[in-house]
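*Asks:* just the structure for this:
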Amino acid sequence: ILFVTVLCALYTPAEWKKVLFLVTAFTIGHSLTLALSSLDMISVNSLWIERAIPITIILTGMTNIYSARNNAGMQEKQQIVPLQYVITTVFGLIHGMGFSNYFKAILGKEASIFQPLLAFNLGVELGQLIIVSLFLAVTFVVINLSNVRRSYWTIPVSAFSSLVAMYLLLQR
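*Replies:* Numbers count the residues shown, from 1 in each chain. Have a look, this model is predicted:
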């Protein structure tokens, strides 16, 4: 939830399509690692994953702060977005490893992982889209109705998310 929130912090409701594609790229990434992990094709020490997940949140938050502070214009932002899809997918791979032990536990002795994996990922995607919708609605109120500068919204949200992630990292 924290990653999806910080991922959205740079965007306005008018940019909902970009956010939708980013969240879907994230889901594709974690779906792939869930499948590979469930088939015992990959295995990563959970301690490394527990450390890597907060780092992805911190990196995303710091990138948002940098972009907001430098007033990234639309043209510059357009160039950043394709790279952000790739990075978000890679971060999804990392987060998927975090889900893998939980998914294996609920999978049990299933003969086929396809249907449970599809259902699990659709549920995660739906949950993420609900979070994104709520976050973009709050963003609309803050930026459009309250006349707050975009950077005055992006920077505190990104900084708070990064601080929470830093706390989580230190707990590991």
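*Asks:* so what's the residue count around Phe26?
*Replies:* Around Phe26 there are 27 other residues, counting by other Cβ atoms under 10 Å. C-beta here means a position set from N, CA and C on the backbone, and glycine is covered the same way.
*Asks:* start at 48 instead
*Replies:* Sure, I'll start counting at 48 from here, so that last one is Phe73.
*Asks:* wait, it touches His142, no?
*Replies:* Yes. In terms of Cβ atoms under 8 Å, Phe73 counts as a neighbour of His142; the distance is 7.2 Å.
*Asks:* who touches both of those two?
*Replies:* Common contact partners of Phe73 and His142 (Cβ atoms under 8 Å, 6 or more residues apart in numbering): Phe50.
*Asks:* and Val91, which of the three is it?
*Replies:* coil (DSSP: H, G, I helix; E, B strand; the rest coil).
*Asks:* how far away is it from Gly143?
*Replies:* Using Cβ to Cβ, to the nearest Å, Val91 is found at 10 Å from Gly143.
*Asks:* tell me which of the two has more neighbours.
*Replies:* Taking other Cβ under 10 Å, Val91 and Gly143 do not tie; Gly143 has more neighbours (26 against 15).
*Asks:* quick one: pLDDT of the more buried one?
*Replies:* At Gly143, the model reports a pLDDT of 91.
*Asks:* what's the next secondary structure element after the helix or strand hosting it?
*Replies:* Here Gly143, judged by DSSP states H and E, is contained in helix 121-154. Next along the chain after helix 121-154, taking DSSP H and E as the criterion, comes helix 161-187.
*Asks:* quick check: angle from that next one to helix 121-154?
*Replies:* Here helix 161-187 points in a direction 140 degrees away from that of helix 121-154 (axes from the mean of the first three to the mean of the last three Cα atoms, to 10 degrees).
*Asks:* packing partners for helix 161-187?
*Replies:* In terms of contacts (3 or more Cβ pairs under 8 Å, 6 or more residues apart in numbering; DSSP states H and E), helix 161-187 is packed against helix 49-55, helix 63-85, helix 121-154.
*Asks:* pull the number of nearby residues for Leu164.
*Replies:* The number of residues near Leu164, taken as other Cβ under 10 Å, comes to 18.
*Asks:* gap between it and Ile153?
*Replies:* 11 Å.
*Asks:* next one: Gln162
*Replies:* 13 Å.
*Asks:* do Thr103 as well
*Replies:* Noted for Thr103: a distance of 24 Å to Ile153, by Cβ to Cβ.
*Asks:* now do Val188
*Replies:* Val188 is 37 Å from Ile153, by Cβ to Cβ.
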